[in-house]
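>>> here you go, sequence then predicted model.
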Amino acid sequence: MSTSRREFIASVSAAVAVGMTQGGFHSAASAAEDKKLGVALVGLGSLSNHQLAPALQKTQHCRLSAIVTGTPEKERTWADRYQIDQRHVYNYDSFDKIAGDDSIDIVYIVLPNSMHAEYTIRAARAGKHVICEKPMANTSEECRQMIAACQEASRLLAIGYRCQFEPRHMRCMEFAREKSMGAIKMIEAGFGFKIGDPNQWRLKKSLAGGGALMDVGIYALQACRYLTGEEPLSIVAQETKTDAQKFAEVDESLTWTMRFPSGVLAYCSTSYNFNGLNRFRAFADNGWFGMDPAYSYNDNRLESSQGSTDLPQQDQFATEMDQFAKCIQDNRPSRVSGEEGLKDLIAIEAIYRSVQSQSLVELGSQKSA
Ligand code: NAD
């Protein structure tokens, strides 16, 4: 949909008016429902099941219109639960047929990380806009290919950085930009959890690309990047493995520091081997602000040297998808674009290089796109 926002609102109003005169309020409501952008969820695992599908029941500009799954039982249960006609149910073999399905405007990739690039590229070539879950891909090279495919198809690409739509994170970004507590001097950020099942894809390098850093450390990295509004100039990292068998293929626990152009130093951490690390704090000239917990789906808390701040809880995924729908309607790039995802992968690769070389990695001259 390349309709401008004004045209979109006008067309919804017109549709509502027609519906009200022709068939009363019910058809007006269904006309408005028809104007929502259709989302196809690709991969019906935990995130799709527990967060994205429920969020799509709350969105104002999107609706769940199709599913892609490799599990036949899920086809039936999902189609029944969300009233999805069989014509809009796909598997990985029939995926490319989405090109002929007008009910799909946006394809949301919710697969293991190694599959993000392939399905993003296929979705763009099928003429669909794409939201791809984080991390964007396993390598920066794949990120570049995804960006190029979406550009070639004139489709928008967004990465599932839900925290950028969380009111407390947004308030912290304001604190940072307005320098209400002075300029930031240092940031501390970390996210980790104790991972369970030793056989899951998150512990297999070919599917996950990496371990705790790729999965949750990326939230701490993102926070540092959106608080400073800068890209790291240099990175130095260390890794530890206390369970060499479980974490044979991927990182278990990592710490890293980043130096930013403004002089801000950030010290970050991530782990797959303990719970409770879920925070960031920025120390500025005249005070500090931060969140703990910071990256949860609900009940995050914002605190600062000026006291705690109460902001409304809202579904981060619903806001993320509605914001993307607005970008499509306005024909403007998403704030969490593919370029954002690429910048994180560049930093992640530098962190892994620093671990391997046991030395500081300079990024200053590296171009992101
Ligand atoms: P999951 O394991 O619960 O689901 C993965 C889905 O992919 C399953 O339906 C599975 O059947 C399917 N799949 C297809 N091919 C597969 C293969 N070869 N191996 C394994 N599964 C395969 O995972 P999830 O927690 O839903 O995570 C999916 C993506 O979403 C990941 O990229 C993850 O990083 C991301 N994620 C993001 C958030 C967030 O807050 N933004 C939270 C959780 C997960």
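Now that the structure is in, tell me what you want to look at.
>>> what's the neighbour count on the residue of the chain found nearest the ligand?
Nearest to the ligand, among the residues of the chain, is G45, at 1.8 Å (CB to the nearest ligand atom). For the C-beta atoms, the positions are set from N, CA and C on the backbone; glycine is no exception. Look at G45: counted by other CB atoms under 10 Å, it has 15 neighbours.
>>> that one against I109, yeah?
No. G45 is beyond contact range of I109, at 11.7 Å (criterion: CB atoms under 8 Å).
>>> quick one, grab the pLDDT at S368.
We have a pLDDT of 45 for S368.
>>> and V236, by the same measure?
pLDDT for V236: 98.
>>> quick check: it is in a strand.
Yes. Secondary structure of V236 (DSSP: H, G, I helix; E, B strand; the rest coil): part of a strand.
>>> what's near enough to touch it?
256-257, 354, 359-361 (CB atoms under 8 Å, 6 or more residues apart in numbering).
>>> if I look at the residue of the chain closest to the ligand, how far off is A53?
11 Å (CB to CB, to the nearest Å).
>>> quick revisit: among the contacts of V236, name the ones in strands.
Residues of the contacts of V236 located in strands (DSSP state E): 256-257, 361.
>>> next, D105: phi, psi?
With angles defined as degrees, to the nearest 10, D105 sits at phi -100, psi -40.
>>> I figured it hits V130, correct?
No. If you go by CB under 8 Å, D105 and V130 don't touch, sitting 10.5 Å apart.
>>> which of the two has more neighbours?
V130 (28 against 23).
>>> tell me if the more buried one really is in a strand.
Yes. Judged by three-state DSSP, V130 forms part of a strand.
>>> let me see the contact set for it.
Here V130 is in contact with 106-109, 120, 123-124, 146, 150, 155-158 (criterion: CB under 8 Å, 6+ apart).
>>> tell me the bridge partners for it.
Per DSSP bridges, the residues bridged to V130 are V107, L157.
>>> now swap in G287 and tell me
With DSSP bridges as the rule, G287 is bridged to A284.
>>> check which helix or strand the residue lying closest to L302 once chain neighbours are set aside maps to.
Take L302 and drop its neighbours on the chain: the residue closest to it by CB to CB, 6 or more residues apart in numbering is R168, 4.0 Å away. For R168, the element it lies in under DSSP states H and E is helix 167-178.
>>> listing partners with orientation, what would you give for the helix or strand following that helix?
Once helix 167-178 ends, the next helix or strand along the chain (criterion: DSSP H and E) is strand 184-192. Applying DSSP bridges, strand 184-192 is found paired with strand 265-271 (parallel), strand 278-284 (antiparallel).
>>> out of those, nearest to F247?
strand 265-271 (10.1 Å; CB to CB).
>>> rewinding a little: need the buried ones from the contacts of V236 selected in ChimeraX.
To isolate in ChimeraX the members of these that are buried, counting by 16 or more other CB atoms under 10 Å, one can use:
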select :256,257,354,361
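>>> now render the contacts of V236 as a markdown table, adding pLDDT and distance to the ligand.
A markdown table is the format used below for the contacts of V236 (pLDDT from 0 to 100; distance: CB to the nearest ligand atom, whole Å):
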| residue | pLDDT | distance to the ligand |
| --- | --- | --- |
| W256 | 98 | 19 |
| T257 | 98 | 24 |
| S354 | 98 | 23 |
| S359 | 98 | 29 |
| L360 | 98 | 28 |
| V361 | 98 | 24 |
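>>> quick one: name the residues of the protein near the ligand.
Residues of the chain lying close to the ligand by CB under 6 Å from any ligand atom are 43-47, 70-71, 110-113, 133-134, 160, 162, 201, 207, 215.
>>> relative to R125, how far out is the residue nearest to Y90 when sequence neighbours are not counted?
Excluding the flanking residues, the one nearest Y90 by CB to CB, 6+ apart is V68, at 4.5 Å. Going from V68 to R125 by CB to CB gives 15 Å.
>>> higher neighbour count, the two?
Neighbour count, other CB under 10 Å: between V68 and R125, V68 has more, with 27 against 15.
>>> list phi and psi for the residue lying closest to R63 once chain neighbours are set aside.
Residue nearest to R63 in three dimensions, not counting chain neighbours: K36, with 4.3 Å by CB to CB, 6+ apart. Per-residue torsions, K36: phi -70, psi 150 (degrees, to the nearest 10).
>>> likewise for the one 5 residues further on?
With angles defined as degrees, to the nearest 10, L41 sits at phi -90, psi 130.
>>> thinking again about what came up before, separation between the residue of the chain closest to the ligand and D96?
21 Å.
>>> same question for W288.
51 Å.
>>> compare those two (neighbour count), which wins?
Taking other CB under 10 Å, W288 and D96 do not tie; W288 has more neighbours (20 against 13).
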